[in-house]
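Q: Generate a structure from the sequence data that follows.
(one chain, ligands or ions: 1)
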Amino acid sequence: MEKILVFAAIKMNLEERIKHQPLPRHIAIIMDGNGRWAKGRGKLRVFGHENGTKAVRTAVETCVKLGIEHLTLYAFSTENWNRPKLEVKTLMRLLISSLKKEIDTLQKNNIRLQALGDISSMPPKVFQELTQVMEATKSNSTMTLNLALNYGSRDELTHCMREIAQKIKKNIISIEKIDETVINEHLYSRNLPDVDLLIRTSGEQRISNFLLWQIAYAELYFTDVFWPDFTDQHLYEAIANYQKRERRFGKTSEQLN
Ligand code: FPP
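A: Numbers count the residues shown, from 1 in each chain. Next up, the predicted model:
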C-alpha cells in the first residue's frame, strides 16, 4: 500500500512539475517496438500492433491533458508496404477500427484529426474512414492529432518540389519567391509548426524517413521502452528531459541569456 502511495506521489510530482515549465507545442513520435514486444511474449507481431493502439490512446489522452497543441504519430511509412501481407492487412484493419471507435472521443475532446502522407493510395476503406473523420473533426481546436500514413519524408519533399515546379511552370510563383515559408506551405504538414520534441521508442536511434524538414531544430529523445509499454509516465519523462535542454537555434548560450 505504502509503495503504491509513493509511486502515485512521484507520478503526480512529475506531471505537476512539467506543467509549470514551457511545454513542447508539437510532439512527434516514432512508435517502434510493437513486433519485439509481441515476440518477447511468444505472440505474433500483430498482437504487438493491437496493444500499440492502446498506447496511442494513452499518448493522445496525456497530450490533451497537458495542453499539447500538436501530436504527430508515425503510424505507417511508405516503406511499411514491404511488410508481410497479413501484417499490413492487420495494420489497416486496426486503423479503420480505431477511427470508428475513437471518433466520439475525438469530438468530445475537441481534437482535430489530420493525415500526413499520400492517403489517396491507401486502401479505399481506410481512405473513406479517414476522410470522414477528418471532415467531421476539422473545426476542432484543442489539439491536432496528425497520423503519418503512407508517409515518407523523401516522398513528401518530392511531392512538394513537384507542386512548386508546376506552379513555376504556370507562372503562379516565381523562382525568386521560393523561401522556407513557400516550402512549408507545400509539405503534407503545411499547417503545422516545427516539431519541438521527437520521441522514438524501442531503443533504436534513427529517424527512418520521418519529418526530415520539420525536425530541423527538434530535441530528440530515445527510450528503450517498447511502444505498447509506453505510458503517460514515460511521456512525462520525455517532456521533463526536453525541458532540461537549452534550445539555442544556432545562437550562443550567452545570447539566449
Ligand atoms: C513499429 O513497430 C510500429 C508500426 C510500424 C506501426 C504502428 C502502429 C500502431 C501503433 C497501431 C495502429 C496505429 C493507430 C494510429 C491506430 P515495429 O512493428 O516496427 O516493431 P519492431 O521494430 O519490434 O519489429
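
Q: Any idea which helix or strand in the protein has the lowest mean pLDDT?
A: Sorting the helices and strands of the chain by mean pLDDT, DSSP states H and E puts helix 2-19 at the bottom, at a mean of 76.

Q: any idea which helix or strand comes after that helix?
A: Next helix or strand after helix 2-19 toward the C-terminus (DSSP states H and E): strand 26-30.

Q: so is Tyr221 in a helix, a strand, or just coil?
A: Classification of Tyr221 using DSSP: H, G, I helix; E, B strand; the rest coil returns strand.

Q: in the stretch 1-150 of the chain, which spans are strands?
A: Taking DSSP state E, counting those that start in this stretch as the test, the strands found in the stretch 1-150 of the chain are 26-30, 70-77, 111-116, 143-151.

Q: and the last one with the ligand, contact?
A: Right, the one you point to is strand 143-151. Yes: applying CB under 6 Å from any ligand atom, one finds strand 143-151 in contact with the ligand at Leu147. The C-beta positions use only the backbone N, C-alpha and C, and glycine is treated the same way.

Q: Identify the residues contacting that strand?
A: 60, 63-64, 68-78, 81, 95, 106, 109-119, 121-122, 126, 130, 188-189, 192, 210-211 (CB atoms under 8 Å, 6 or more residues apart in numbering).

Q: Show me the strands paired with it, marking each as parallel or antiparallel.
A: When pairs are called by DSSP bridges, strand 143-151 turns out to pair with strand 70-77 (parallel), strand 111-116 (parallel).

Q: Quick one: mean pLDDT for it?
A: Mean pLDDT, strand 143-151: 98.

Q: got the angle for that strand vs strand 26-30?
A: Strand 143-151 and strand 26-30 meet at an angle of 40 degrees, taking axes from the mean of the first three to the mean of the last three CA atoms, to 10 degrees as the criterion.

Q: and the next helix or strand after strand 143-151, which residues are buried?
A: Counting by DSSP H and E, the next helix or strand C-terminal to strand 143-151 is helix 153-169. The neighbour-count check on helix 153-169 (16 or more other CB atoms under 10 Å) flags Ser153, Asp155, Glu156, Leu157, His159, Cys160, Ile164, Lys167 as buried.

Q: related to what we said a few turns ago, pull out the buried members of the contacts of strand 143-151.
A: Of the contacts of strand 143-151, these count as buried by 16+ other CB under 10 Å: 60, 63-64, 68-78, 95, 106, 109, 111-119, 122, 126, 130, 188-189, 192, 210-211.

Q: Please list which of these also come close to the ligand.
A: Leu73, Ala75, Leu95.

Q: near the ligand, which residues of the stretch 151-257 of the chain?
A: Counting by CB under 6 Å from any ligand atom, the residues of the stretch 151-257 of the chain lying close to the ligand are Ser202, Trp227.

Q: now the strands for the stretch 151-257 of the chain?
A: Assigned by DSSP E, counting those that start in this stretch, the strands in the stretch 151-257 of the chain fall at 197-200, 219-222.

Q: Once you drop chain neighbours, what's closest to the residue in the stretch 51-200 of the chain that the ligand sits nearest to?
A: Nearest residue of the stretch 51-200 of the chain to the ligand: Gly52, at 2.9 Å (CB to the nearest ligand atom). Distance criterion CB to CB, 6 or more residues apart in numbering; nearest residue to Gly52, sequence neighbours excluded, is Asn34 at 4.4 Å.

Q: Ok, Met122 next?
A: Of all residues not flanking Met122 in the chain, Asn150 sits nearest, at 5.6 Å (CB to CB, 6+ apart).
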